[in-house]
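Chemist: Quick check, what structure comes out for this input:
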Amino acid sequence: MTVICLGSKKERSFSRKMDPNIMKSKFRGCLLGSLMGDCLGAPYEGNEISSGDKIIIQRYFDKMEEPEFKGPFKKYTDDTAMMKSMAKFLIDKPEPDFTYLAKLFVTEYFKEPRRGYGQSVVAVFEKLRNSKYTNIYQPANEQFDGSGSYGNGGAMRIAPVALYYSSDYNNMINVARDATRITHSNIFGINGALLQCIAVQQALHINPSSKINIKEFCSCLLEKIKLIEDNSDDSEFNMPEAYQEKLKKVELLLEKEYNDDLEDEIIYTLGNGIGAYDSVGTAIFCFLKAQSCIPKIETDNIIRRTIQYAVTLGGDTDTIACMAGAIAGAYLGEEAINKALLSHCEKYDEIISLADNLYQAAGNT
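Modeler: Numbers count the residues shown, from 1 in each chain. All right, here's what the predicted structure looks like:
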């Protein structure tokens with residue numbers, strides 16, 4: 001299957017050829033994949049995963065796939081809470097009103113503050129509310145002595161933008177950038193969100209019955225992030241090709257044969273932390289790696305394999321699995337999701353309704 005580079009002249013005609021039922025399934029798959037990665041990854045957040053832990057994770061995922069297993073709901077975190085706000089923003093405001101988005105973020109946080117929000121974003125929300133949203137970008141701009149946050153909080157919630165602007169690349173990039181800047185003004189945080197958004201949109205345009213051409217997928221991502229980085233101000237960090245270099249490392253690691261030290265190399269090279277630079281490339285890698293069998297990940301389900309593999313890398317497991325799950329779901333759609341596994345994720349039915357509303361708001365019937 002040839003991957004259509006986003007923004008190309010072929011993009012709109014390719015999108016029109018997609019069966020509407022398939023596209024609706026992909027909207028659901030993307031948001032459900034994001035939810036599943038968040039919920040299933042959250043219990044392991046911040047952990048180093050040992051060989052023994054991987055066996056336990058394998059057995060627990062197997063257990064959750066048994067229809068008769070009645071375990072407690074896996075609660076979602078701030079990743080899904082903010083993703084929900086992003087979707088509502090797009091559903092309610094076809095002409096982007098970023099003040100409205102800021103208010104949605106703040107309202108959601110103060111309604112349910114115990115979703116695992118980081119202290120830096122909480123400080124932004126408090127300032128936004130106290131200032132009555134007079135300048136929605138100022139609180140984020142002031143953080144970390146004016147350098148802004150380079151975390152992955154923009155990337156983790158960006159999937160609805162890729163869905164809504166599925167055939168409008170330029171608007172997608174502009175909206176994704178401005179939506180991210182409400183909480184993350186650092187260029188690494190912004191460009192990481194843009195890269196994740198592009199990856200989701202790119203996966204959305206691939207027929208789920210076709211096998212991904214990994215080299216073309218990476219090539220298209222490189223083409224787009226190069227244009228973004230070439231026009232970015234990176235004077236402070238002096239890493240003008242940061243995400244381009246990260247994607248090149250993704251390609252190299254995908255070509256390596258498995259050995260006992262490979263996962264340590266993956267974590268060292270790509271990262272598994274809370275920074276966008278140390279997690280977005282990792283999520284893309286997990287998605288692409290899961291297109292084939294992975295040693296010690298025993299499942300034929302690509303979405304589960306993507307999420308489970310992201311969890312076994314440790315670190316910021318909920319967010320990396322959330323981002324990887326969103327890409328996998330955008331590619332394969334709802335039908336590829338194991339329903340028993342999904343049933344253990346909090347509010348999955350609400351996410352299905354949200355995806356359907358977003359699909360309609362995007363001009364689909």
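
Chemist: From V122, how far out is T282?
Modeler: 25 Å (CB to CB, to the nearest Å). For the C-beta atoms, the positions are set from N, CA and C on the backbone; glycine is no exception.

Chemist: Over to G192?
Modeler: For G192 relative to V122 (CB to CB), the value is 20 Å.

Chemist: Which of those two has more residues huddled nearby?
Modeler: The neighbour comparison of G192 against V122 (other CB atoms under 10 Å) goes to G192, with 34 against 14.

Chemist: Using CSV, write down the CA coordinates of stretch 319-328.
Modeler: Backbone C-alpha positions of stretch 319-328 (Å, rounded to 0.1, in the frame of the first residue of the first chain) are rendered in CSV as follows:
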residue,chain,number,x,y,z
THR,A,319,1.1,8.9,27.6
ILE,A,320,3.3,6.9,25.3
ALA,A,321,0.7,4.1,25.0
CYS,A,322,-2.0,6.7,24.6
MET,A,323,-0.2,8.3,21.6
ALA,A,324,0.8,5.0,20.1
GLY,A,325,-2.8,3.7,20.6
ALA,A,326,-4.2,6.7,18.8
ILE,A,327,-2.1,6.1,15.7
ALA,A,328,-2.9,2.4,15.7
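
Chemist: Can you give me the buried ones in that stretch?
Modeler: T319, I320, A321, C322, M323, A324, G325, A326, I327, A328 (16 or more other CB atoms under 10 Å).

Chemist: okay, and for this protein, where does confidence drop off?
Modeler: Where the chain drops to pLDDT under 70, the residues are 1-16, 234-238, 365.

Chemist: Mind checking what secondary structure the most centrally placed residue in it has?
Modeler: The residue lying closest to the centre of the chain (CA atoms, centre = their mean) is M323, at 2.5 Å. When classified by DSSP: H, G, I helix; E, B strand; the rest coil, M323 comes out as helix.

Chemist: From A203, how far off is it?
Modeler: Distance from M323 to A203, by CB to CB: 11 Å.

Chemist: for N171, same thing?
Modeler: With CB to CB as the criterion, N171 and A203 are 19 Å apart.

Chemist: neighbour-wise, which of these two wins?
Modeler: A203 (26 against 13).

Chemist: so the more buried one sits right up against G325, yeah?
Modeler: No. Assessed by CB atoms under 8 Å, A203 is found out of contact with G325, at 11.1 Å.

Chemist: before we move on, which element is A155 in?
Modeler: Using DSSP states H and E, A155 sits within no helix or strand.

Chemist: should've said E265
Modeler: Secondary structure from DSSP H and E places E265 in helix 262-270.

Chemist: Quick one: work out the angle between the following helix or strand past that helix and helix 262-270.
Modeler: As assigned by DSSP H and E, the chain's next helix or strand after helix 262-270 is helix 280-289. Helix 280-289 and helix 262-270 are oriented at 140 degrees to each other (axes from the mean of the first three to the mean of the last three CA atoms, to 10 degrees).

Chemist: Can you give the distance of helix 280-289 from its chain's centre?
Modeler: Its chain's C-alpha centre and that of helix 280-289 lie 10 Å apart, by CA atoms, centre = their mean, to the nearest Å.

Chemist: packing partners for it?
Modeler: helix 187-204, helix 214-230, helix 242-254, helix 262-270, helix 302-312, helix 317-332 (3 or more CB pairs under 8 Å, 6 or more residues apart in numbering; DSSP states H and E).
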